[in-house]
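S.K.: generate coordinates for the sequence data below:
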Amino acid sequence: MTHKELIADLSSKLLISENDISELLDTTFTTMANEMSKGNSVHMQGFGTFEPHRKEERLTINPRTKVRTLIPPKQVVVFKPNQTLKDKVKEAPRNE
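M.R.: Residues are numbered from 1 along each chain as shown. Below you'll find the predicted structure:
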């Protein structure tokens with residue numbers, strides 16, 4: 001599902017204009033990003049938790065050239081799904 005599809009789906013279900021839904025989603029995601037940039041986790045009841053996580057510096061080797069490269073440390077976002085979400089996904093029919 002794309003951002004546009006999500007907006008259209010929410011708009012039809014909630015009977016709110018697509019512009020208002022778009023503004024709401026943008027504000028929500030911006031607020032979440034701001035909290036995580038401060039090092040805080042964002043917990044969404046019944047969905048999961050988004051947590052900032054620091055990846056340490058590490059050494060990699062290109063298998064083709066054997067050149068060693070040092071990858072600097074960085075912050076990434078880790079998502080831990082809630083048990084409710086895990087169960088819902090587990091019960092969903094598979095698209096094969």
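
S.K.: after the lengthiest helix in the chain, which helix or strand is next? Please name it.
M.R.: The longest helix of the chain (DSSP state H) is helix 18-37. Later in the chain than helix 18-37, the nearest helix or strand by DSSP states H and E is strand 42-44.

S.K.: what's the following helix or strand after that next one?
M.R.: Strand 42-44 is succeeded, C-terminally, by strand 48-55 (DSSP H and E).

S.K.: for whichever helix or strand comes after that next one, the distance to its chain's centre please.
M.R.: As assigned by DSSP H and E, the chain's next helix or strand after strand 48-55 is strand 58-61. Offset of strand 58-61 from its chain centre (C-alpha atoms, centre = their mean, to the nearest Å): 26 Å.

S.K.: and stretch 40-48, end to end?
M.R.: Stretch 40-48 has its terminal residues 14 Å apart, counting by C-alpha to C-alpha, to the nearest Å.

S.K.: and for that stretch, what's in contact with it?
M.R.: Contacts to stretch 40-48, defined as C-beta atoms under 8 Å, 6 or more residues apart in numbering, come from residues 32, 35-36, 49-52, 79-82, 84-85. C-beta here means a position set from N, CA and C on the backbone, and glycine is covered the same way.

S.K.: among these, name the buried ones.
M.R.: In the contacts of stretch 40-48, burial by neighbour count holds for 36, 50, 51, 52, counting by 16 or more other C-beta atoms under 10 Å.

S.K.: only C-alpha atoms, please: export stretch 69-80 in CSV.
M.R.: Only the C-alpha atoms of stretch 69-80 are listed here, as CSV (Å, rounded to 0.1, in the frame of the first residue of the first chain):
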residue,chain,number,x,y,z
THR,A,69,36.2,-0.8,4.1
LEU,A,70,35.3,0.8,7.5
ILE,A,71,31.6,1.6,7.8
PRO,A,72,31.1,4.4,10.3
PRO,A,73,28.6,4.2,13.1
LYS,A,74,25.0,5.3,12.4
GLN,A,75,21.5,5.6,13.8
VAL,A,76,18.8,3.4,12.4
VAL,A,77,15.2,2.8,13.2
VAL,A,78,14.1,-0.7,14.4
PHE,A,79,10.5,-1.7,14.4
LYS,A,80,9.3,-4.3,16.9
